[in-house]
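Trainee: Give me a model of this one.
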Amino acid sequence: MVEIKRACVHRLITGWEEPSLYVVKAMFILDCDGQRLVAKYYDETFPSPKEQRCFEKSIFNKTHRADGEIAFLEGMTIVYKSSIDLFFYVVGSSQENELMLVSVLTCLFESLSHMLRVILECDSQQVIQKLNFRTASEPAYGFVLFDYITGTTEQSNSVSRRCQT
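Mentor: Okay, the predicted model is just below:
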């Protein structure tokens, strides 16, 4: 208990926070109109969805026309990248290392680009075959995905019957 009190007093006096591995406060992807497609917040800086959307909209309004990769807004470091009609954002605190945030952004962007490229380069039959294989290997929820995408229930029902036996 004494250690905790010392750490709190040290933080109050010096203004320094203890180092942590939590470098990312939020990541989100917006469309060309600034509407949220995907968002994940890792701390309580913006606790309600309304505050999150307001924050996203203000960032989008300040960055969607700029060609930069980094911005300092509302006391936070924001790195961003645009691709055709999508905007990718990674948010960290004002003391955060920009290179670490750019590294996270690059990883997110390249991972999604690779996944989408693989899906778009395959013909529809290959995608269905891959999903069909996935239903056999993950019976708990895979067949529901297969039903949704293909619109058929007979193949997924046979897979679910095989998995139940």
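Trainee: how about low-confidence regions in this protein?
Mentor: Applying pLDDT under 70 to the chain flags residues 1-22, 118-165.
Trainee: how about 90 then?
Mentor: Across the chain, residues meeting the criterion (pLDDT under 90) sit at 1-49, 52, 55-56, 59-78, 81-88, 91-165.
Trainee: Domain parsing of it, as residue ranges.
Mentor: According to automatic domain parsing, the chain comprises the domains 2-120, 124-164.
Trainee: Strands along the protein, start to end?
Mentor: Here the chain has its strands, by DSSP state E, at 26-31, 36-41, 70-73, 76-83, 86-93.
Trainee: Can you tell me the closest non-neighbouring residue to N97?
Mentor: Using C-beta to C-beta, 6 or more residues apart in numbering and skipping the chain neighbours, the partner closest in space to N97 is V23 (7.2 Å). For glycine as for every other residue, the C-beta is placed from the backbone atoms N, C-alpha and C.
Trainee: what about that neighbour, how many residues close to it?
Mentor: V23 is flanked by 17 other residues according to other C-beta atoms under 10 Å.
Trainee: Confirm for me that it is in contact with Q95.
Mentor: No. Contact criterion C-beta atoms under 8 Å: V23 and Q95 do not qualify, at 9.8 Å.
Trainee: hang on, the earlier thing: take the strands of the chain and write them to CSV, including distance to L101.
Mentor: Listed next are the strands of the chain as CSV, based on distance: least, C-beta to C-beta, whole Å:
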stretch, distance to L101
strand 26-31, 10
strand 36-41, 14
strand 70-73, 8
strand 76-83, 5
strand 86-93, 5
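Trainee: can you pull the contacts of R36?
Mentor: Applying C-beta atoms under 8 Å, 6 or more residues apart in numbering to R36 gives the contacts 28-30, 53, 56.
Trainee: Same check on F87?
Mentor: For F87, the contact set (C-beta under 8 Å, 6+ apart) comprises 29-32, 34, 60, 63-64, 80-81.
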